[in-house]
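Student: here is a sequence with its predicted model. Questions after.
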Amino acid sequence: MNDAASPSSSPAEPAAKPPRGKFNFWRWFWLGTIPVSLVWVYHDFYVPSNQITWSKDYASAQQQAVQSGRPLILYFTGEWCVPCRIMKRNVWADSEVESVVNAGFTPVMIDVDDPKQAETLSRYGVVGPPTTIITDPKGTVLRQAQGGLGKAEFLELLGKRNPAGNPTPIPAAK
């Protein structure tokens, strides 16, 4: 028998192709989902740098606040906290917020996962990030906000804006 003449081994036959014009749902689903997912992840985890002069820890921030007479901003955050990252991108990186904070406050960023910060967390009753607390130089709470804030809400918390547009000062330390 001649094996070269068998119809199954003919190199001239093209491979079977799917019918042209048929919509392949799963192909288009993944081609659309992957780019959208990458953009979403980038949006949630990208944090630009800011020009705020952060204190390295609570003790040094309180010491600076006592020396300067400025109130403290305690920002409790975590590396895993998506609302914290959004707030860092939309609020802390804003030039108006940077100038207000650097001019009138002693800011400190406190990582809620750092075991060294457990005493500070319990002192202020922080249950989760993001939490923003404004204190006088002695550590007495003046204002507090739990959860993510927008720029307008944050400036209002600082006492620089209220809904009527008039500044509301933070009481001076006594």
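Tutor: Now that the structure is in, tell me what you want to look at.
Student: any idea which residue sits dead centre in the protein?
Tutor: residue 85 (0.8 Å; Cα atoms, centre = their mean).
Student: separation between it and residue 119?
Tutor: 26 Å (Cβ to Cβ, to the nearest Å). (C-beta placed from N, C-alpha, C; glycine too.)
Student: same question for residue 52.
Tutor: 24 Å.
Student: and the longest helix for this structure?
Tutor: helix 25-45 (DSSP state H).
Student: which residues of the chain score low on pLDDT?
Tutor: Low-confidence segments of the chain (pLDDT under 70): 1-22, 43-48, 160-174.
Student: which parts of it are helices?
Tutor: 25-45, 58-68, 82-87, 95-104, 118-124, 151-158.
Student: quick one: which of the ones you listed is nearest residue 134?
Tutor: Evaluated over the helices of the chain, closeness to residue 134 peaks at helix 151-158, with 6.7 Å, by Cβ to Cβ.
Student: give me the distance from the closest one to the chain's centre.
Tutor: 16 Å (Cα atoms, centre = their mean, to the nearest Å).
Student: buried residues in it, which are they?
Tutor: 154-158 (16 or more other Cβ atoms under 10 Å).
Student: just the CA coordinates of it, formatted as CSV?
Tutor: Output of helix 151-158 as CSV, limited to C-alpha atoms (Å, rounded to 0.1, in the frame of the first residue of the first chain):
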residue,chain,number,x,y,z
LYS,A,151,-10.4,68.2,50.0
ALA,A,152,-13.3,70.5,51.0
GLU,A,153,-14.2,68.3,54.0
PHE,A,154,-10.5,68.1,55.1
LEU,A,155,-10.1,71.9,54.9
GLU,A,156,-13.3,72.3,56.9
LEU,A,157,-11.9,69.9,59.5
LEU,A,158,-8.7,72.0,59.7
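Student: what's the first-to-last distance across stretch 101-115?
Tutor: 27 Å (Cα to Cα, to the nearest Å).
Student: counting by contacts, list what the longest helix of the chain packs against.
Tutor: helix 82-87 (3 or more Cβ pairs under 8 Å, 6 or more residues apart in numbering; DSSP states H and E).
Student: the helix it packs on packs against which elements?
Tutor: helix 25-45.
Student: could you redo the last one with a cut-off of 6 Å?
Tutor: Identification of packing neighbours for helix 82-87 by 3 or more Cβ pairs under 6 Å, 6 or more residues apart in numbering; DSSP states H and E yields no helix or strand.
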